[in-house]
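Asker: Just need the structure, nothing else, for what follows:
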Amino acid sequence: MKSPLIFRRLTLGALVAMGVLLAHPAAAQQQLTIVSFGGAFQEAQMKAKWAPAAKALGITLKEETYTGIADLRLKAKAGAVTWDIVGSGAGSAARAGSEGLLEPIDYKTVDVSTFGPGLASEFCVGGTVFSNVFAFNTKTYPDGRPQPQTWADFWDVKKFPGKRSYRNAVAGSLEPALMADGVPPEKVYEVLSAPGGIERALKKIKELKPHIAVWWSSGAQHAQLMKDGEVDMVTGWNGRFDGVIKDGGKVKYGYNQAILDVDCYAVPKGAPNQALAMKFLNEIGKPQYQAELVKYINYGPTNKKAFEGSAIDPVVAKGLPTYPDNVSKQMLLDAGWYLKNEARAAQMYQNMLTE
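Answerer: A predicted model of the protein is given here:
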């Protein structure tokens, strides 16, 4: 049995501890929960960015996976938002922000002054940049002979005969069709926004339909199609094709007329640790973390300073989507256009697929 003196000391100690927590509530809240899409990409982000940034800030990090913004929508509806940061595509974040699911990014805390143009928005700050490109089989179109360079070439089945593969969803699918039809990249969204613009793009895709052997639905699928040589040309994401090339696949792609897109980070409305989340987003936006991520996946940094010095191997840098020479050849996917038009465009696209 404890003596009254020991009991009083223990009670006093407990009260002091409680007093510290009450006086400094942040001491009990230095943990963030971050959620993304899992797989190798999330693992790379944890190794290159999240874990080092958490260590630098002196916080602990809990990671979870989800399938997309629809999962956040369900949590918000149930009043059970437990995530502090979510990974998202730029278009999905724009829609979620318009629905009131996301907090505006605090750009007084999050420094994007050295980010490339268009890589930070009201509700989402860019984390990595990838490119929508087309890749081709170098057995079918070998070096030393004409190889496709433009979207017009992708459509030209006489000059470049062979099987094609195209995405079965609208995002990033209308723009190539208009460029193939002669629209300059800087005019693509102007044309798409004008009456008949979406119809013009769909008409161009319908021209190619007889030559489309597979309508792909995932990055893993379009990469496998090229790895197996099942098609001769395919649209897709540059990082996936880099994986095929590293595995010895006879694949080549370029950035001419490619479409830059952004994976970004957002803070859910009602996140438990919003202020800390903003500090974390500022930290992982620093060039040293973005340069480190390049070692794991061939996606470009959003912070232009990541290219300074020798943080990124010069040979590797020249192959990244946001390397200055590559950016100049590309257009940026307009998330704002999709926010306004995607529902209608997606329905029209699906109708075209089934015609």
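Asker: Tell me which residues touch residue 132, please.
Answerer: 172, 175, 176, 235, 236, 237, 258, 259, 260, 261, 333 (CB atoms under 8 Å, 6 or more residues apart in numbering). C-beta: built from backbone N, CA, C; applies to glycine.
Asker: so it bridges to which residues?
Answerer: residue 237, residue 259 (DSSP bridges).
Asker: Please report how far it lies from residue 126.
Answerer: 16 Å (CB to CB, to the nearest Å).
Asker: what do you get for residue 102?
Answerer: 15 Å.
Asker: Tell me which stretches of the stretch 51-200 of the chain form strands.
Answerer: 60-65, 85-89, 102-103, 125-137, 164-167 (DSSP state E, counting those that start in this stretch).
Asker: Low-confidence stretches in the chain?
Answerer: 1-29 (pLDDT under 70).
Asker: buried sites along stretch 185-199?
Answerer: Neighbour-count burial for stretch 185-199 flags 185, 188, 189, 191, 192, 197, 198 (criterion: 16 or more other CB atoms under 10 Å).
Asker: residues in contact with the third one?
Answerer: Think residue 189. 334, 337.
Asker: and what of the last one?
Answerer: For residue 198, the set of contacting residues under the criterion of CB under 8 Å, 6+ apart consists of 174, 192, 341, 344, 345, 348.
Asker: so the last one sits right up against residue 201, yeah?
Answerer: Meaning residue 348. No: the pair residue 348 / residue 201 is not scored as a contact, 9.4 Å apart, by CB atoms under 8 Å.
Asker: Identify the residue nearest the geometric centre of the protein.
Answerer: residue 263 (2.1 Å; CA atoms, centre = their mean).
Asker: Helices of the stretch 1-150 of the chain, residue ranges please.
Answerer: Assigned by DSSP state H, counting those that start in this stretch, the stretch 1-150 of the chain shows helices spanning 4-23, 39-45, 51-57, 69-77, 90-98.
Asker: and the third one, what does it pack onto?
Answerer: To tie it back to what came earlier, the one meant is helix 51-57. When contacts are defined as 3 or more CB pairs under 8 Å, 6 or more residues apart in numbering; DSSP states H and E, helix 51-57 packs onto strand 60-65, helix 274-284, helix 287-293.
Asker: same deal with the fourth one?
Answerer: In terms of contact count using 3+ CB pairs under 8 Å, 6+ apart, helix 69-77 is assigned the packing partners strand 85-89, helix 90-98, strand 259-268.
Asker: which one of these lies closest to residue 149?
Answerer: For residue 149, the closest of the helices and strands packed on helix 69-77 is strand 259-268, at 15.6 Å, according to CB to CB.
Asker: Dump the C-alpha coordinates for that closest one into PDB.
Answerer: Output in PDB follows, covering the C-alpha atoms of strand 259-268 (Å, rounded to 0.1, in the frame of the first residue of the first chain):
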ATOM      1  CA  ILE A 259       0.500  17.700 -72.000                       C
ATOM      2  CA  LEU A 260       1.800  18.500 -68.600                       C
ATOM      3  CA  ASP A 261      -0.300  17.500 -65.600                       C
ATOM      4  CA  VAL A 262       0.100  17.900 -61.900                       C
ATOM      5  CA  ASP A 263      -0.200  15.600 -58.900                       C
ATOM      6  CA  CYS A 264      -0.800  17.900 -55.900                       C
ATOM      7  CA  TYR A 265      -1.500  18.000 -52.200                       C
ATOM      8  CA  ALA A 266      -4.600  19.400 -50.600                       C
ATOM      9  CA  VAL A 267      -5.900  19.900 -47.000                       C
ATOM     10  CA  PRO A 268      -9.400  18.600 -46.300                       C
END
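Asker: buried sites along that strand?
Answerer: For strand 259-268, using 16+ other CB under 10 Å, the buried residues are 259, 260, 261, 262, 263, 264, 265, 266, 267, 268.
Asker: and it, how far out from the chain's middle?
Answerer: In terms of CA atoms, centre = their mean, to the nearest Å, the centre of strand 259-268 is set 5 Å apart from its chain centre.
Asker: how much does that strand deviate in direction from strand 85-89?
Answerer: If you take axes from the mean of the first three to the mean of the last three CA atoms, to 10 degrees, strand 259-268 sits at 160 degrees to strand 85-89.
Asker: For strand 259-268, name the packing helices and strands.
Answerer: helix 69-77, strand 85-89, helix 90-98, strand 102-103, strand 125-137, helix 274-284, strand 331-332.
Asker: would TSV of these with distance to residue 162 be doable?
Answerer: Supplementary listing: the helices and strands packed on strand 259-268 in TSV, determined by distance: least, CB to CB, whole Å:
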stretch	distance to residue 162
helix 69-77	37
strand 85-89	30
helix 90-98	31
strand 102-103	43
strand 125-137	8
helix 274-284	42
strand 331-332	26
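Asker: Go through these and name the closest to residue 50.
Answerer: Once these are compared by CB to CB, helix 274-284 is nearest, at 6.8 Å.
Asker: can you put the buried residues of strand 259-268 in CSV and add distance to residue 353?
Answerer: Formatted as CSV, those follow (distance: CB to CB, whole Å):
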residue, distance to residue 353
259, 20
260, 25
261, 22
262, 26
263, 26
264, 28
265, 32
266, 30
267, 36
268, 33
